[in-house]
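Student: take a look and give me a structure for this.
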Amino acid sequence: MKIHPAVIRVSVVFLLLAAVTSAIAAVPAPALLSPASGANLPTPLTISWSAVNDPSGIIGYNWQVSTSSNFTSVILQDSTNGQTQDIVSGLPNGTYFWRVQAVNNALVQSAWSAGRSFNVTGAGAGQPGAPTMSPTKGYSTFHPLEVMTFNWSPVPGAASYVLQFSKDPSFPLSATSQFNNIPNTTFSFSTPDEGFYSARVFAVNANGVAGVPSNAITYTVFYNNPLSAPPSPLTPTNGTNLTLPITITWTDVANPQPSGYELQIAKDSGFKTIEEEAPQLNHASRTELSLTPGQKFWRIRSAQGDASPTTAAVTKWSASGTFTVSQAPAAPVSMVAVSNPLFSGNTTFVQLQLSTAAPTNGAVISLTSSDPNVLPVPATVTMPGNTGWMQFQIQAGQVTTPTPVTITAKLNSGDATLNVNVLPPSIKSIQINPGTISGGATAVAVITLNGLAPAGGALVELSSDSPAAVAPAVATVQAGDSVVEAQIPTNSVSANTLAHITASWNGASATSQFTIAPQGQPASITLSPAIISGATGSFAVVTIAAPSTTDQTFQIINSNPSVVSMADSVFIPAGATAVGTIINNSAVTTQTVVTISVTGGGVTRSATLTINPTVAPTTVSLGVVVGGRSGVRVVSSPAGISVPTGSSAVAQFAPGTVITLSVTDGRDAIWSGDCSSNNNKTKTCKFTIKANSTVSANVQ
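Tutor: Numbering: from 1, shown residues only. This is a model prediction of the structure:
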């Protein structure tokens, strides 16, 4: 492995260092092979050790690098998944010690090997250079949860960077945190923990080799750290008379925070009557769309993390700025369409801005359109009181050629116009689902228009560039709709085949592709139950021999669709081996056998469903007489059934049949079932037959 171990990779095995501490039966410790003790080497360098054997097998090896021979401070550690060597990089010049341990499949660790030293003499070929770390942005005295920004110089050949920070300036792994795979030369984060910190950065090349760490910078994080000066007002210039919209700007603080600015606009210099409270602003500007006429006072401050566990650290308020919102009657200033151009049938919002907020009781604004048939607008819209901005919705009519339309808004002596270009509807997109399908199955093309189809609908022409995909000639988008689905049947193929389906209409076209894969073969179809009576239905399960990497669709055929109804295909998702489908049936008057088949990949599998007629419910009385211990005879329908004493009488009847059984004996007769006793010698039992049930009567 060439990735700097402390920087990029922490494998499953190395987690055992913290998870497995049991001194269970000995696992042999590896022996160190290279480099030789005391060797002088540039980095990156390769360390290797002997393989060990264990009855449960070896899952991997852990290794550590330390600046001390007793490994009191580990600066690098990593693991391998059974390999007996690894690559070490990112070490400054100096003397280091390393060791290895084995971990078996029972997660038992060996003792650490004896340590061995090596001396790093410099960076060798293939190791990126060291970045230069700049001081933290703004200052180095932060508050908990204040976002801090770190910057460093770029390194040629660096694919990413790793930022480390620690309260220990020697950066031991046990006390160091880091951010991996940073793609550029700046990074921001915050921490809730107070303390004195050091930070440094590594460059990592595309092969995972880490360079020597940068210089370390220091900073602090404390609740009582000083706060920077507040922002300063920039625009508008004090005393300026303005109309809406009004953009307010200020200077950035030394270390701006995400959503950190708070703006207040008041009607008085003491900020007791606040007209606008705007917290959590990201940028040093704010555009106000609704302010009442008159003089305004404004100020700004910035939040910089926490001053305590429960309070924010905020700067003082800036000096106040002043401006006046024009007291002239409100008039339209601008109109903007959210969507422009606008396709026929589509809707959009129009945003209307006044020069100042409407009076308390609101303002009625007149609207006109230069072509009401193409782009109708309401006759009026009402701006709410004390508001200078609103939006209303419009819908384009049908056009056959691009048509410009002008909308005009009037209030008092002012007006504003908006030019909208209305376009005829056209093809926007076609999407084939699924993206890969087995040959013989049917895909679905979803065709979407820009705008809505006109009266008479949109007759979209479809074409395919492959005989494996059979596109219908036309798919019709109904008038007033924008989407239609079209079935795309496919044919069997012997290899993956790419097909393109093109949709064309009104001078525009769009194309989508999908892959047709060789169809699998069904392994079986089973029915449960396979014998039914009446309209009770059944269930079919189709299987394939092994999971497929693509979805599989098989066709279903039943030999008697007038009696049996079910899906005409089944869909087995990729990775699955079976799917079920419901079988519905109607009642029959004579026994009917229906063959249900599944076909695909040139193979057909079949099963039969036997449907028995429903017998009308009847009531049957069975008189059972026990005579001389010689046997029991059923003397009424069904006649002729003789049951020896001590055995069971079993008969099948149609669902709903009510059976009354009676027995007379010279002794007490014992019956199972719901029986009542007329006397101690005669028993009467009643049973109601349920679907597919069997009634048994025991005589003892």
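
Student: what is the burial count for the nearest residue to G507 once chain neighbours are set aside?
Tutor: Spatially, and ignoring its direct neighbours in sequence, G507 is nearest to S426 (6.7 Å; Cβ to Cβ, 6 or more residues apart in numbering). Bear in mind the C-beta positions are built from the backbone N, C-alpha and C, glycine included. If you count neighbours by other Cβ atoms under 10 Å, S426 ends up with 18.

Student: give me the distance between P213 and F179.
Tutor: Plainly put, P213 is 14 Å away from F179 if you go by Cβ to Cβ, to the nearest Å.

Student: ok, M148 next?
Tutor: 12 Å.

Student: between those two, which is the more surrounded one?
Tutor: Between M148 and F179, counted using other Cβ under 10 Å, the more crowded position is M148 (23 against 15).

Student: distance check, the more buried one against L227.
Tutor: 15 Å.

Student: repeat that for Q101.
Tutor: Note on Q101: its distance to L227, by Cβ to Cβ, is 50 Å.

Student: what about the two, which has more around it?
Tutor: Using other Cβ under 10 Å, the more surrounded residue of Q101 and L227 is Q101, with 22 against 19.

Student: tell me the SS of that one?
Tutor: Following DSSP: H, G, I helix; E, B strand; the rest coil, Q101 is assigned to strand.

Student: I'd say it and P28 touch.
Tutor: No. Judged on Cβ atoms under 8 Å, Q101 makes no contact with P28 at a distance of 10.1 Å.

Student: any common contacting residues for the two?
Tutor: Counting by Cβ atoms under 8 Å, 6 or more residues apart in numbering, the residues touching both Q101 and P28 are S110.

Student: now the helices for the chain?
Tutor: 16-19 (DSSP state H).

Student: what is the burial count for the closest residue in space to I365 that isn't next to it in sequence?
Tutor: Setting aside the residues directly before and after it, I365 is nearest to L411 in space (Cβ to Cβ, 6+ apart), at 4.7 Å. Counted with other Cβ under 10 Å, the neighbours of L411 add up to 22.

Student: so who does L411 touch?
Tutor: 329-332, 354, 363-366, 383.

Student: repeat the analysis, applying 10 Å as the threshold.
Tutor: Neighbour list for L411: 329-332, 352, 354-355, 358, 363-366, 380-381, 383 [criterion: Cβ atoms under 10 Å, 6 or more residues apart in numbering].

Student: can I get the buried part of the residues you listed as one ChimeraX selection?
Tutor: Here is the ChimeraX command that selects the buried residues among these (16 or more other Cβ atoms under 10 Å):
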select :329,330,331,332,352,354,355,358,363,365,381,383
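
Student: and which of the contacts of L411 is nearest P42?
Tutor: Checking the contacts of L411 against P42 with Cβ to Cβ, the nearest one is L352 at 70.0 Å.

Student: that closest one against F392, yeah?
Tutor: Yes. Counting by Cβ atoms under 10 Å, L352 does reach F392; the two are 7.0 Å apart.

Student: nearest residue to E146 in space, please, no chain neighbours.
Tutor: Spatial nearest neighbour of E146, chain neighbours left out: G305 (2.9 Å); criterion: Cβ to Cβ, 6+ apart.

Student: run through the stretch 51-200 of the chain and note the low-pLDDT ranges.
Tutor: Along the stretch 51-200 of the chain, no part satisfies pLDDT under 70.

Student: which parts of it are strands?
Tutor: Taking DSSP state E, counting those that start in this stretch to define them, one finds strands in the stretch 51-200 of the chain at 58-66, 74-80, 85-88, 94-104, 116-123, 141-142, 148-151, 160-166, 176-182, 186-189, 195-204.

Student: so which of those strands gets nearest V405?
Tutor: Using Cβ to Cβ, the nearest of the strands of the stretch 51-200 of the chain to V405 is strand 186-189, at 47.5 Å.

Student: so which elements touch the closest one?
Tutor: Judged by 3 or more Cβ pairs under 10 Å, 6 or more residues apart in numbering; DSSP states H and E, the packing partners of strand 186-189 are strand 148-151, strand 160-166, strand 176-182.

Student: for Q127, find the nearest of the ones you listed.
Tutor: Nearest to Q127, of all the helices and strands packed on strand 186-189, is strand 160-166, at 14.2 Å by Cβ to Cβ.

Student: send me the closest one as CSV with only the CA atoms.
Tutor: The C-alpha trace of strand 160-166 is given here as CSV (Å, rounded to 0.1, in the frame of the first residue of the first chain):
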residue,chain,number,x,y,z
SER,A,160,-5.6,15.6,-2.8
TYR,A,161,-4.6,17.0,0.6
VAL,A,162,-5.1,15.9,4.2
LEU,A,163,-5.5,18.4,7.0
GLN,A,164,-4.5,17.3,10.5
PHE,A,165,-5.2,19.2,13.8
SER,A,166,-4.3,18.3,17.4
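
Student: so which elements touch that strand?
Tutor: Other helices and strands packing on strand 160-166, by 3+ Cβ pairs under 10 Å, 6+ apart, are strand 148-151, strand 176-182, strand 186-189, strand 195-204.

Student: at 8 Å instead, please
Tutor: Contact partners of strand 160-166 among helices and strands, from 3 or more Cβ pairs under 8 Å, 6 or more residues apart in numbering; DSSP states H and E: strand 176-182, strand 195-204.

Student: looking at those, which is buried most?
Tutor: Across the helices and strands packed on strand 160-166, the average number of neighbours (mean count of other Cβ atoms under 10 Å) peaks for strand 195-204, which reaches a mean of 23.

Student: and the angle from it to strand 176-182?
Tutor: If you take axes from the mean of the first three to the mean of the last three Cα atoms, to 10 degrees, strand 195-204 sits at 40 degrees to strand 176-182.

Student: report the inter-axis angle for strand 195-204 versus strand 160-166.
Tutor: With the same axes, to 10 degrees applied, the angle from strand 195-204 to strand 160-166 works out at 160 degrees.

Student: and the longest strand seen in the chain, which strands flank it?
Tutor: Using DSSP state E to define each element, the chain has its longest strand at strand 294-306. Strand 294-306 pairs in its sheet with strand 261-266 (antiparallel), strand 312-314 (antiparallel), strand 321-325 (antiparallel), by DSSP bridges.
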